[in-house]
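**Q** output the structure for:
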Amino acid sequence: MIYTVTFNPAIDYVVRMEKLEIGSVNRSREEALFYGGKGINVSTVLKNLGVDSVALGFVAGFTGKAIEEGVAALGVKADFITVSDGVSRINVKLKAGEETEINGKGPNISDAELEELYKKLDGLTDGDCLVLAGAIPPSLPSDVYEKIMARLAGKKVDIVVDATKDLLLNVLKYHPFLIKPNNFELGEMFGVTLHSDEEIEEYAKRLQALGARNVAISMAGDGSMLLTETGETYRMGVPKGKVVNSVGAGDSMVAGFIASYFAEHDYKKALKYGAATGSATAFSEGLATKDQVEKLLGQF
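**A** Predicted coordinates for the structure are as follows:
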């Protein structure tokens, strides 16, 4: 079974308007609600691709209840922990030419509530896959990813980590199955700016030397690259299409990669499927569907 963890789920409130005038009353042209967070996005796309998963994480208050109901309506199986202090986030996405975001803080998660999550994760067994994605809320210890991976170190659980900077670097000693920084994040980790495929490959290999088994690098319109634990390097372009939505594209790529790899155990096919899934989300207003992905696969 595939499990995803979203420490700080949110309701994304997307507001579209012609122009945003600071200090004035603005009226929207269109609004939409999405139930998300990186792990939830992965679980939602997996469901769209016909793959089951269990979404884990923390919810609180009336917004937390709305997230639970919204995720259930999407057909995603969830096993959230209810937090007593605070409410789940509402993230406001203002789209008026340029995009402006206001992200909420989220609830305060206690030690006892975090222990509940640890106990759920203790139930994972050999052959399971765990996706740890996104930032850690302020109320949790900064090494919570490390603690989770240390607890699971004795089991054959494939762990995917989609995080940035130190949060990612600090877990490499636990040999995650897959990490997915983008090319800018890869450069940030080493204090450099990467300009070429050769440079990207060089620094991706450094992540492998630090413990990562497989490293996927997303490069937006320039495609993606995968360095595998068996020594191959694969490069993938992008299909043709108009980018209308960047939110969730990276999460979709992770979902597509997992869905393909654990079905066929072919790294090149998994990268292709992941690239198509990420692009399907980027080319649509919502998260990728299987039909959209299948249409784009023909362009590779």
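**Q** quick check: buried residues in the host helix or strand of Leu296?
**A** Assessed by DSSP states H and E, Leu296 sits inside helix 290-297. Across helix 290-297, burial judged by 16 or more other CB atoms under 10 Å covers 290, 292-293, 296-297. In short, each C-beta sits where N, CA and C put it, glycine included.
**Q** how far does that helix sit from the chain's center?
**A** In this view, helix 290-297 has its centroid 20 Å away from the chain centroid, taken as CA atoms, centre = their mean, to the nearest Å.
**Q** how is the protein divided into domains?
**A** According to automatic domain parsing, the chain comprises the domains 1-19+32-130, 177-300.
**Q** with distance to Pro137 as extra columns, can I get the ones you listed in CSV?
**A** Compiled in CSV, the domains of the chain are given as follows (distance: least, CB to CB, whole Å):
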stretch, distance to Pro137
domain 1-19+32-130, 4
domain 177-300, 18
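**Q** so can I have a markdown table of the ones you listed showing distance to Val144 and mean pLDDT?
**A** Listed next are the domains of the chain as a markdown table, based on distance: least, CB to CB, whole Å; pLDDT from 0 to 100:
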| stretch | distance to Val144 | mean pLDDT |
| --- | --- | --- |
| domain 1-19+32-130 | 7 | 94 |
| domain 177-300 | 17 | 92 |
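**Q** could you count how many residues lie near the closest residue to Leu210 other than its chain neighbours?
**A** Leaving out its chain neighbours, the residue that sits closest to Leu210 by CB to CB, 6 or more residues apart in numbering is Leu172, at 4.2 Å. A total of 20 residues lie near Leu172 under the criterion other CB atoms under 10 Å.
**Q** re the thing from before, what's the closest of the buried residues of helix 290-297 to Leu167?
**A** Nearest to Leu167 among the buried residues of helix 290-297 is Val293, at 28.7 Å by CB to CB.
**Q** what's opposite Asn108 in the beta bridge?
**A** Asp85 (DSSP bridges).
**Q** hmm, I was thinking of Ile159
**A** Under the criterion used (DSSP bridges), Ile159 bridges to Leu130.
**Q** again with Thr100
**A** Bridge pairing for Thr100 - DSSP bridges - gives Leu94.
**Q** wait, it sits on Asn26?
**A** No: counting by CB atoms under 8 Å, Thr100 does not reach Asn26; the two are 11.2 Å apart.
**Q** is Leu186 within a helix or a strand, and which one?
**A** helix 183-190.
**Q** may I see the buried residues of the following helix or strand past that helix?
**A** As assigned by DSSP H and E, the chain's next helix or strand after helix 183-190 is helix 197-209. Within helix 197-209, the residues scored as buried using 16+ other CB under 10 Å are 197, 200-201, 203-204, 207-208.
**Q** what of stretch 184-193?
**A** Neighbour-count burial for stretch 184-193, counted by 16+ other CB under 10 Å, picks out 186-187, 189.
**Q** quickly name whichever of these is closest to Asp266.
**A** Closest approach between those and Asp266, by CB to CB: Leu186, at 24.2 Å.
**Q** from Met225, how far out is the closest one?
**A** According to CB to CB, to the nearest Å, Leu186 and Met225 sit 10 Å apart.
**Q** overlap in contacts of those two?
**A** Shared contacts of Leu186 and Met225 (CB atoms under 8 Å, 6 or more residues apart in numbering): 200, 204, 217.
**Q** of those, which is the nearest to Arg16?
**A** Ile217 (31.6 Å).
**Q** residues contacting the residue nearest to that closest one when sequence neighbours are not counted?
**A** Distance criterion CB to CB, 6+ apart; nearest residue to Ile217, sequence neighbours excluded, is Met225 at 4.6 Å. Counting by CB under 8 Å, 6+ apart, Met225 touches 197, 200-201, 204, 216-217, 219, 233-236.
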